[in-house]
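1. can you look at this prediction? I've put the sequence above it.
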Amino acid sequence: MIKISATLKLSIIGLIIFTMIFLRFQGSLLQRNTYSLTTKLLLNGKTFLLSTGDYNRLLNISFNFSMINQVCQESAPVLVLIVVHSAPSNFKKRQTIRDTWGQVEETKQIVFMIGDPSSPEQQKKLEEENTLFGDIVQGNFIDNYRNLTYKHVMVLKYFVYHCPQAKYLLKTDDDVFINWPSMKKFPHLRFVSFQ
């Protein structure tokens, strides 16, 4: 019987494992998916066109907006669109933002992204708040932590289809303070319109 050293055994086992992993992932390592920054998408050798009129194709999420405000069409050209994730019950936080750093300026617009509240009473309060301020965008999904990804996608969908002329998109939460005067001074952002 041939005696095999422990080092040789480990080397053989390692080679077998490496070969199995390589064979398992060989296709995905060699396959190249390329994505264009335009409305053309090349995926697995097939070309897909995403037109701006194809409203439900963005990331294949077909939710709709229950409440929407066209803040970008109502004002001068928007340099920065600020979108704030907020919960339906966070009226005081939204009001604090409106009263401080979120005050509308000529070159920036702010909208609050919200999902469906848990009660009809909260929905009524949201509708009243929106009538008063006109800065709420609501998706037709339950607003909870588990659905946070939907809210992120809602931001992208709103930006692409309702505010494409904005040069910058700033996403934040309703418990964050933005030092807007300091942000305008960042030279690499080239906020030349502010000077």
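-> That came through, no problem.
2. which stretches of this protein form strands?
-> For the chain, applying DSSP state E gives strands covering 34-35, 40-43, 46-49, 65-67, 80-85, 108-116, 136-142, 168-173.
3. now the fourth one: buried residues?
-> Okay, so that is strand 65-67. In terms of neighbour count (16 or more other C-beta atoms under 10 Å), strand 65-67 has its buried residues at S66. Just so you know, the C-beta spots here come from the backbone N, C-alpha and C atoms, and that holds for glycine as well.
4. low-confidence ranges, this structure, go.
-> Counting by pLDDT under 70, the chain contains low-confidence residues at 1-4, 20-63, 74-76, 106, 186-195.
5. ranges for the helices of it?
-> Along the chain, the segments classed as helices by DSSP state H run 6-30, 91-99, 120-133, 148-162, 180-183.
6. what residues are up against F177?
-> Taking C-beta atoms under 8 Å, 6 or more residues apart in numbering as the contact definition, F177 lies against T100, W101.
7. okay, it and K92: tell me how far apart.
-> Using C-beta to C-beta, to the nearest Å, F177 is found at 15 Å from K92.
8. just to revisit the earlier point, tabulate the helices of the chain (CSV), appending mean neighbour count and distance to T172.
-> Compiled in CSV, the helices of the chain are given as follows (neighbours: other C-beta atoms under 10 Å; distance: least, C-beta to C-beta, whole Å):
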stretch, mean neighbour count, distance to T172
helix 6-30, 10, 35
helix 91-99, 15, 9
helix 120-133, 14, 17
helix 148-162, 18, 10
helix 180-183, 12, 11
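9. which one, of the ones you listed, ends up nearest to N64?
-> Between N64 and the helices of the chain, the shortest separation by C-beta to C-beta is 9.7 Å, and it involves helix 148-162.
10. how many degrees apart are that closest one and strand 80-85 in direction?
-> Counting by axes from the mean of the first three to the mean of the last three C-alpha atoms, to 10 degrees, helix 148-162 points 150 degrees away from the direction of strand 80-85.
11. which other helices and strands contact helix 148-162?
-> Counting contacts by 3 or more C-beta pairs under 8 Å, 6 or more residues apart in numbering; DSSP states H and E, the secondary-structure elements packed against helix 148-162 are strand 80-85, strand 108-116, strand 136-142, strand 168-173.
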